[in-house]
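the following comprises the amino acid sequence and a computationally predicted model.
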Amino acid sequence: MSDGPRAQARPRVLVLIRLGADHRVSGWAKTPRAERDWDLVLSPYQDVPDLAEFEPDEVLPEAGGKWDAIHRLLTRRTDLLERAPRVWLPDDDLEADAAIVARFLDVVEAHDLALAQPALTPDSAFSHAITVRNRFARLRPTNFVELMAPILSTELLRVCLPEMEGRPAAKGLDFVWAGHVRGAGRVAIVDAAAVAHRRPIGRHLAGRARAKGHDVDAERDAWMTARFGRRWGRPVALGPGGRAGATLLTLLSFATTPALWTRANAPRLGKHLLAQLIAPARALAGPSDRPGPKAAVASGLD
């Protein structure tokens, strides 16, 4: 008989959180070790007043932004990529409880997702309307998973890791990594497990970067232009019910979610609806003359 979640031989996922002094991580991350079936690694970039309230498997302080620090940590500690079949990299301002996180991981495992994220509650601050929970879906296959809370298979993370080097915010990567995944339906937004994000968009990480003289938007534009010219992907839901079904569910969900009906949200909602109707669905995956990532994808993500 099992002695609890920690009795299993291997955790279902490694959760790695870059943690700041003013984090808004809620109770799920403070679940006692004995009650978890996932490993937790905290990577503080500032002094965290309530650090002792967590029960992490490891604490690995690291200066820097989110993605440049993750690159250094996982390059230096390659053993972390062997610990679990997937790595979840949520921001430190996502609010959820342990049941929501468990449901998210259950859906990811049940559908063998290589890249996914939990949806956002309708009262969240969001950049892309596609990430807001669809009331009529359990999960939506997509060509886009945002940088805010991605879970990646370790194979995919190894492929994408070089793209994070020296890039604190790594903007633009979320338009690219889905293109490295082979197999229909293995990239999705999980609506059955929505988390809240209430910190204003673009002020925290971008503000810290600007204070150090780093313009993350200019860096994103230069990175994307160097790789793809001026071609940008557009986030599109590809199901359930195929592209047409997803578009109908998008309209129904927007129409029946009053929390979204604000002047500030209108441009984002309109942009997403237009993308659903006319944008190409293929995700960008990188120049064809880059043999390293392509070879890794062919051998690891089919």
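Yep, it's here.

give me the distance between residue 162 and residue 68.
From residue 162 across to residue 68, the span is 12 Å (Cβ to Cβ, to the nearest Å). (Glycine included, C-beta is placed from N, CA and C.)

repeat for residue 116
23 Å.

please apply the same query to residue 58.
Applying Cβ to Cβ, one obtains 19 Å for the distance of residue 58 from residue 68.

those two - which one has more neighbours?
Under the neighbour definition other Cβ atoms under 10 Å, residue 58 and residue 68 were set side by side, and residue 68 has more, 19 against 14.

give me the pLDDT for the more buried one.
pLDDT, residue 68: 96.

for it, identify the helix or strand it belongs to.
helix 67-76 (DSSP states H and E).

past that helix, which element shows up next along the chain?
Using DSSP H and E, the helix or strand that follows helix 67-76 towards the C-terminus is strand 86-88.

and the helix or strand following that next one, what does it pack against?
Next in sequence after strand 86-88, counting helices and strands by DSSP H and E, comes strand 94-95. Helices and strands touching strand 94-95, by 3 or more Cβ pairs under 8 Å, 6 or more residues apart in numbering; DSSP states H and E, are strand 187-197.

so in that sheet, which strands flank the strand it packs on, and in what orientation?
Partners of strand 187-197 in the sheet, by DSSP bridges, are strand 94-95 (antiparallel), strand 115-120 (parallel), strand 139-141 (antiparallel).

need phi/psi at the residue nearest to residue 148 when sequence neighbours are not counted.
Excluding its sequence neighbours, the residue lying closest to residue 148 (Cβ to Cβ, 6 or more residues apart in numbering) is residue 91, at 5.2 Å. Dihedral angles of residue 91 (phi, psi; degrees, to the nearest 10) stand at phi -70, psi 170.

so how far is the strand or helix carrying residue 271 off the chain centroid?
For residue 271, the element it lies in under DSSP H and E is helix 266-278. When distances are taken as Cα atoms, centre = their mean, to the nearest Å, helix 266-278 is centred 21 Å away from the chain's centroid.

hmm, who's touching it?
Counting contacts by Cβ atoms under 8 Å, 6 or more residues apart in numbering, the residues outside helix 266-278 that touch it are 126-130, 234-237, 243, 246-247, 250-251, 254, 260.

same thing with stretch 28-40?
Here stretch 28-40 makes contact (Cβ under 8 Å, 6+ apart) with 4-6, 8, 11-15, 17, 53-57, 83-84, 88, 96-98, 100-101, 105.

tell me which of the residues you listed fall in strands.
Using DSSP state E, the members of the contacts of stretch 28-40 that fall within strands are 14, 15, 17, 88.

any quick PyMOL command for the buried ones out of those residues?
A single PyMOL command suffices to select whichever of those are buried according to 16 or more other Cβ atoms under 10 Å:
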select buried, resi 14+15+17+88
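
okay, residue 236: pLDDT?
Taken from the predicted model, the pLDDT recorded for residue 236 is 94.

how about residue 299?
Taken from the predicted model, the pLDDT recorded for residue 299 is 32.

just to check, residue 157 is in contact with residue 87?
Yes. A contact is recorded between residue 157 and residue 87 when judged using Cβ atoms under 8 Å, the distance being 5.4 Å.

what sits in contact with each of the two?
Where contact means Cβ under 8 Å, 6+ apart, the residues bridging residue 157 and residue 87 through contact with each are residue 81.

which residues touch residue 68?
Residue 68 neighbours (Cβ under 8 Å, 6+ apart): 164, 165, 166, 167, 168, 170.

who touches the third one in this structure?
Taking Cβ under 8 Å, 6+ apart, we find residue 166 in contact with 68, 71.

ok, back up a step: buried ones among the contacts of stretch 28-40?
With neighbours counted using 16+ other Cβ under 10 Å, those contain these buried positions: 5, 11-15, 17, 54, 56, 83-84, 88, 96, 100-101, 105.

gap between the helix or strand where residue 157 lies and the chain center?
Using DSSP H and E, residue 157 sits in helix 154-160. If you compare the mean C-alpha spot of helix 154-160 with that of the full chain, they lie 13 Å apart, counting by Cα atoms, centre = their mean.

who are the packing partners of it?
Counting contacts by 3+ Cβ pairs under 8 Å, 6+ apart, helix 154-160 is packed against strand 86-88, helix 291-300.

pLDDT wise, what is residue 222 at?
With respect to pLDDT, residue 222 has a value of 87.

and it, how many neighbours does it have?
When counting by other Cβ under 10 Å, one arrives at 12 neighbours for residue 222.
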